[in-house]
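> give the three-dimensional model of this entry:
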Amino acid sequence: MSEGTINRRKLITMGSAAAAGGLLGLSLVPAEARAASRTAGSARRSAATWENIIEKSSFSSTTAFTQEWNYGYPWGNTHNGAAKMLNSKVTLSGGVLTLTATRLSQPDGQSASPPHAPLWYHSGAIHAKEPILVDDQFPEYDIEGEFRTRTGLGIWPAFWTTGIAPNWPPESDILEYVGDSTNLFNTWTKEAGENDPAERHELSGHDPSTWHRYRLWMEKDGDDVILDYYFDYGENDGWKVTHRGVGWAGIPQHLIMNLQMGSWASQVDVNDPLWSQQPGPSGNTTFQARNVWVGRTRNW
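A predicted model of the protein is given here:
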């Protein structure tokens with residue numbers, strides 16, 4: 001663990017004392033620790049160098065939503081699962097966004113993306129209009145939200161970033177449940193093989209169907225990006241793991257929320273006789289979000 005990582009962790013545990021330092025202009029702590037402070041985040045957001053990219057009110061109305069989000073994936077209405085994404089499967093009510101996946105009586109074609117799963121579901125996806133770009137001008141990003149989701153065989157919800165084509169990786173999975181109730185904090189980077197992330201942290205022992213807070217802090221470090229993952233921050237410091245996105249600096253990324261279904265979440269592969277059926281839940285399955293917020297620092 002690097003000295004910088006130790007300083008970040010130490011400052012997080014300072015709690016209200018660190019936050020108080022932030023309210024005084026953050027001049028009470030060393031510059032390195034200051035730049036990495038997570039507990040002083042609320043004070044820093046109000047500073048001149050902070051700007052909000054997505055407001056927590058973006059799910060309060062259709063007008064607010066369409067100012068900051070688009071329907072579907074950036075590349076279309078299918079990806080690597082068994083669901084076709086439709087605008088009608090994205091709904092808003094009381095500040096909560098709901099993605100609903102519905103099992104069909106027969107497949108609606110086949111996904112254009114490998115592994116070309118039969119599309120047994122209609123579901124929903126959204127992506128942010130503003131890309132994530134960690135560089136010298138925007139050296140830090142804070143991505144937060146509260147989510148609850150059904151999990152289990154065939155269910156694959158995610159809140160994640162991915163490099164804008166033709167760049168992949170990077171990819172950061174802030175929330176991802178693939179067929180069970182274990183959340184995956186994944187960082188796909190240039191050191192990774194095609195089917196294996198460079199770094200993964202599994203988080204279990206919680207009920208994903210109740211509201212939980214998920215957070216990613218991204219910080220430029222030379223050509224790389226440091227990623228701090230949090231879960232239920234606020235009750236305690238909430239930090240779970242730090243990863244490194246190798247070579248990520250300067251590569252724009254999409255921010256996506258989707259309720260994918262089937263494929264690997266169905267725990268079958270293309271050679272399994274059950275592949276054509278895509279095992280998963282019948283009826284409707286939901287994935288909900290509220291208070292999603294994205295902010296960043298700006299160097300003028």
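
> next one, pLDDT for Tyr233 please.
Confidence at Tyr233, expressed as pLDDT, is 81.

> next helix or strand past the helix or strand where Arg213 lies?
Assigned by DSSP states H and E, Arg213 belongs to strand 212-221. On the C-terminal side of strand 212-221, the closest following helix or strand by DSSP H and E is strand 224-231.

> which residues sit against that following strand?
Contacts to strand 224-231, defined as CB atoms under 8 Å, 6 or more residues apart in numbering, come from residues 4-5, 8, 38, 134, 170, 172, 174, 183, 185, 187, 201, 203, 206, 212-220, 237-249. Using the backbone N, CA and C atoms, a C-beta is placed for each residue, glycine as well.

> following element in sequence after it, please.
Next element after strand 224-231 (DSSP H and E): strand 239-245.

> what packs against the helix or strand that that next one is followed by?
Downstream of strand 239-245, the next assigned helix or strand under DSSP H and E is strand 253-261. Contacts defined by 3 or more CB pairs under 8 Å, 6 or more residues apart in numbering; DSSP states H and E place strand 253-261 against strand 83-85, strand 96-103, strand 121-123, strand 125-128, strand 155-163, strand 284-297.

> please name the residues that touch Glu55.
Applying CB under 8 Å, 6+ apart to Glu55 gives the contacts 64, 68, 293.

> got the angle for the strand holding Arg213 vs strand 253-261?
Interaxial angle, strand 212-221 versus strand 253-261 (axes from the mean of the first three to the mean of the last three CA atoms, to 10 degrees): 150 degrees.

> partner strands of strand 212-221 and their direction?
Partner strands for strand 212-221, per DSSP bridges, with pairing direction: strand 140-149 (antiparallel), strand 224-231 (antiparallel).

> closest to Ile54 out of the helices and strands packed on strand 253-261?
Counting by CB to CB, Ile54 lies closest to strand 284-297 out of these; the figure is 4.1 Å.

> report the angle between the closest one and strand 96-103.
Following the same axes, to 10 degrees, one obtains 140 degrees for the angle between strand 284-297 and strand 96-103.

> quick one: the helices and strands packed on strand 253-261 as JSON lines, columns for distance to Ile54, mean neighbour count and mean pLDDT too.
Formatted as JSON lines, those follow (distance: least, CB to CB, whole Å; neighbours: other CB atoms under 10 Å; pLDDT from 0 to 100):
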{"stretch": "strand 83-85", "distance to Ile54": "20", "mean neighbour count": "28", "mean pLDDT": "98"}
{"stretch": "strand 96-103", "distance to Ile54": "12", "mean neighbour count": "21", "mean pLDDT": "98"}
{"stretch": "strand 121-123", "distance to Ile54": "22", "mean neighbour count": "26", "mean pLDDT": "98"}
{"stretch": "strand 125-128", "distance to Ile54": "6", "mean neighbour count": "23", "mean pLDDT": "98"}
{"stretch": "strand 155-163", "distance to Ile54": "12", "mean neighbour count": "25", "mean pLDDT": "98"}
{"stretch": "strand 284-297", "distance to Ile54": "4", "mean neighbour count": "21", "mean pLDDT": "98"}
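
> would JSON lines of those strands with distance to Val268 be doable?
As requested, the helices and strands packed on strand 253-261 are arranged in JSON lines below (distance: least, CB to CB, whole Å):
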{"stretch": "strand 83-85", "distance to Val268": "16"}
{"stretch": "strand 96-103", "distance to Val268": "16"}
{"stretch": "strand 121-123", "distance to Val268": "15"}
{"stretch": "strand 125-128", "distance to Val268": "23"}
{"stretch": "strand 155-163", "distance to Val268": "13"}
{"stretch": "strand 284-297", "distance to Val268": "18"}
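
> starting at the chain centroid, how far to stretch 104-114?
Averaging C-alpha positions (CA atoms, centre = their mean, to the nearest Å) puts stretch 104-114 25 Å from its chain's average.

> just to revisit the earlier point, could you turn the buried ones of the contacts of strand 224-231 into a PyMOL selection?
Under the burial definition 16 or more other CB atoms under 10 Å, those of these that qualify are selected in PyMOL by:
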select buried, resi 4+8+38+134+170+172+174+183+185+187+201+203+212+213+214+215+216+217+218+219+220+237+238+239+240+241+242+243+244+245+246+247+248+249
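
> state the mean pLDDT of stretch 211-225.
97.

> between the strands paired with strand 212-221, which one is closest to Ser60.
Nearest to Ser60 among the strands paired with strand 212-221 is strand 140-149; the distance by CB to CB comes to 14.2 Å.

> relative to strand 155-163, how tilted is the closest one?
170 degrees.

> circling back to that earlier point, dump the strands paired with strand 212-221 into a markdown table; add mean neighbour count and distance to His79 as well.
Formatted as a markdown table, the strands paired with strand 212-221 follow (neighbours: other CB atoms under 10 Å; distance: least, CB to CB, whole Å):
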| stretch | mean neighbour count | distance to His79 |
| --- | --- | --- |
| strand 140-149 | 22 | 17 |
| strand 224-231 | 23 | 22 |
